[in-house]
Structure formats: C-alpha cells, structure tokens
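A.B. asks: Could you work out the structure for the sequence below:
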Amino acid sequence: MDFAFLAQTMLTLLEALPTTLALFFLSIAIGGVLAILIVWMRVGGNPVFTAIAKGYIFVFRGSPLLIQMFLIFYGLAQFGFIRYGPLWPLLREPFVCAVLSLALCTAGYTAEIFRGGIRAVSPREIEAARSVGMSGFLLMRRVLAPIAFRHALPAYSTEIVLMMKSTALASLVTVWEVTGVAQRLISHTYRTMEVFLCAAAIYLILNFIILQALGLLEYHLSRHRRAVPAALKA
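C.D. replies: Got it, this is the predicted structure:
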C-alpha cells in the first residue's frame with residue numbers, strides 16, 4: 001500500500017472538511033428551527049396547521065433526499081418568479097441549494113422525533129407544574145421542552161449522524177465537500193480504493209466525535225437519574 005499517496009490524499013480531502021462541516025451545521029441548525037415550527041403546527045390543535053404539518057412530514061420523509069436535492073438545484077430555475085426574484089442570487093448557488101435540501105429533509109424527520117419526545121412526557125409532570133402556577137411559555141421552557149428533548153435525544157442523535165453522512169450527496173450538485181473532492185481525485189488518479197478509504201476514515205472520525213459529544217450531553221441531562229437519594233446515603 002502506498003502510504004505516501006494515502007497521506008497526500010488525506011491532506012487533500014481535509015482541505016474540503018470546512019465545506020462538509022458548514023453543510024452539516026447549517027442544515028442541522030436550520031432544520032432544527034423548522035422542525036420546532038412543524039411540531040408546533042402538528043400538536044397545536046389547529047386542523048389546518050396540523051394538515052400542513054402532516055403533509056410536509058409525509059413528503060420529505062417519503063421521498064428520497066437525492067431527488068429533493070435535484071428538484072431544488074435543477075428545478076427551481078424553471079420558475080420565472082424565482083429565477084427573476086430577489087432570492088435568485090442565493091438559490092443559484094450549489095452550496096445554498098444543498099443546505100436548503102438537507103435542512104428541509106431533516107426537518108421532517110426531526111419534527112417527528114421531537115413530537116415523540118413530547119408524547120413521552122408524563123401527564124403527571126405537566127399537572128405538577130401547573131399545580132405550582134406554571135403555564136404557557138414558562139411550562140414549555142421549564143418542564144415540557146427539557147423532558148421532551150431528553151426523551152428525543154437518542155433518536156435525534158441517530159438523525160444527526162445520518163445528516164453527516166448525507167452531506168456526501170452534495171457532491172452530486174457540484175459542491176466540493178469531502179466526497180466531491182474524493183471523486184475528483186479518483187477521476188485523476190484512478191485509485192478508487194485508497195481515496196475512498198481516506199474519505200470513509202474522515203466520516204468515521206467525524207461521526208465518532210459527534211456520538212461522543214451527544215453521549216456526554218445525554219449523560220449531563222440524565223444526571224438526576226443517577227443521584228443517590230438522601231435516605232439511601234444515611
């Protein structure tokens with residue numbers, strides 16, 4: 001095995017790492033905010049908003065991410081009001097289209113994960129909060145949201161890892177992230193095995209770091225479950 005070539009390939013791929021990380025963090029952030037809005041529409045009780053939220057989730061969970069990305073990247077230009085609109089300077093950029101498609105897709109999955117977390121909150125905990133005068137936004141901020149997020153975190157961590165891997169699809173709309181640069185290297189060197197091994201190693205390391213960070217977060221959020229009751233300490 002040519003270790004000099006592997007080292008040079010790894011350095012070349014690492015130059016594209018900031019683009020991959022930007023795709024990942026922007027899509028997770030935008031998708032998370034959109035997911036919260038969708039969950040609010042889904043559980044708010046308004047039948048129109050509920051139907052819209054259900055339709056959104058069905059579309060973006062039921063169709064392949066690659067097709068969604070192609071529709072946004074290649075399809076939006078077919079609409080004149082978009083092509084000649086104020087947002088066209090942004091929407092014609094491959095990076096923006098990739099972030100938009102990733103964010104819209106993960107929002108559908110994340111909304112259902114968050115909704116499951118909300119449904120897992122015990123009604124007794126909500127009743128206890130209301131009994132001490134909490135209601136509205138205070139109840140959401142102090143009780144419902146923290147408990148729901150703690151319940152949703154294991155499933156949400158899986159979605160985050162999947163989104164890191166999904167950033168590789170951005171190479172198909174000419175975004176030169178790690179996978180895109182790997183494909184370009186292969187077209188010049190014809191050394192598929194070595195190049196993709198280096199790319200896979202980068203994704204494995206990134207996902208390992210993500211899982212460790214989420215594991216620490218879950219450990220921090222569940223510290224009250226590990227607390228020893230005072231009666232047992234005595």
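
A.B. asks: contacting residues for residue 212?
C.D. replies: Contacts for residue 212 were tallied using C-beta atoms under 8 Å, 6 or more residues apart in numbering; there are none. Quick note: C-beta positions are derived from backbone N, CA and C, even for glycine.

A.B. asks: now the helices: where do they sit in this structure?
C.D. replies: Using DSSP state H, the helices of the chain run over 3-14, 17-43, 47-62, 65-70, 80-83, 88-91, 94-119, 123-131, 136-139, 145-166, 178-189, 192-221, 223-226, 230-233.

A.B. asks: what's the offset of stretch 152-159 from the middle of its chain?
C.D. replies: 10 Å (C-alpha atoms, centre = their mean, to the nearest Å).

A.B. asks: which of the residues in that stretch are buried?
C.D. replies: 152-153, 155-157, 159 (16 or more other C-beta atoms under 10 Å).

A.B. asks: need those residues in a markdown table with pLDDT and distance to residue 220, can you?
C.D. replies: As requested, the buried residues of stretch 152-159 are exported to a markdown table (pLDDT from 0 to 100; distance: C-beta to C-beta, whole Å):
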| residue | pLDDT | distance to residue 220 |
| --- | --- | --- |
| 152 | 91 | 15 |
| 153 | 91 | 11 |
| 155 | 92 | 18 |
| 156 | 94 | 15 |
| 157 | 94 | 14 |
| 159 | 95 | 20 |
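
A.B. asks: of all these, which two lie farthest apart?
C.D. replies: 153 and 159 (10.4 Å; C-beta to C-beta).

A.B. asks: Now do the same contact list for the one residue sitting closest to the centre of the chain.
C.D. replies: Among the residues of the chain, residue 28 comes closest to the average C-alpha position under C-alpha atoms, centre = their mean, at 3.7 Å. Applying C-beta under 8 Å, 6+ apart to residue 28 gives the contacts 103, 106, 160, 163.

A.B. asks: okay, the residues you listed in a markdown table with distance to residue 169, pLDDT and neighbour count next?
C.D. replies: Formatted as a markdown table, the contacts of residue 28 follow (distance: C-beta to C-beta, whole Å; pLDDT from 0 to 100; neighbours: other C-beta atoms under 10 Å):
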| residue | distance to residue 169 | pLDDT | neighbour count |
| --- | --- | --- | --- |
| 103 | 13 | 97 | 22 |
| 106 | 12 | 96 | 26 |
| 160 | 16 | 96 | 21 |
| 163 | 11 | 96 | 23 |
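
A.B. asks: now, the most widely separated pair of these?
C.D. replies: So, these by C-beta to C-beta: farthest apart are 103 and 160, at 12.9 Å.

A.B. asks: how about low-confidence regions in this structure?
C.D. replies: Where the chain drops to pLDDT under 70, the residues are 1, 223-234.

A.B. asks: make it 50
C.D. replies: Scanning the chain for pLDDT under 50 picks out the ranges 230-231, 234.

A.B. asks: Touching stretch 35-45 from outside, list them.
C.D. replies: Contacts of stretch 35-45 (C-beta under 8 Å, 6+ apart): 49-50, 52-54, 56-57, 106-108, 110-111, 113-115, 118.

A.B. asks: swap in stretch 62-74?
C.D. replies: 60, 94, 97-98, 100-102, 104-105, 166, 169-170, 172-173.

A.B. asks: now do stretch 122-138
C.D. replies: Residues contacting stretch 122-138 (C-beta under 8 Å, 6+ apart): 139, 142-144, 147.
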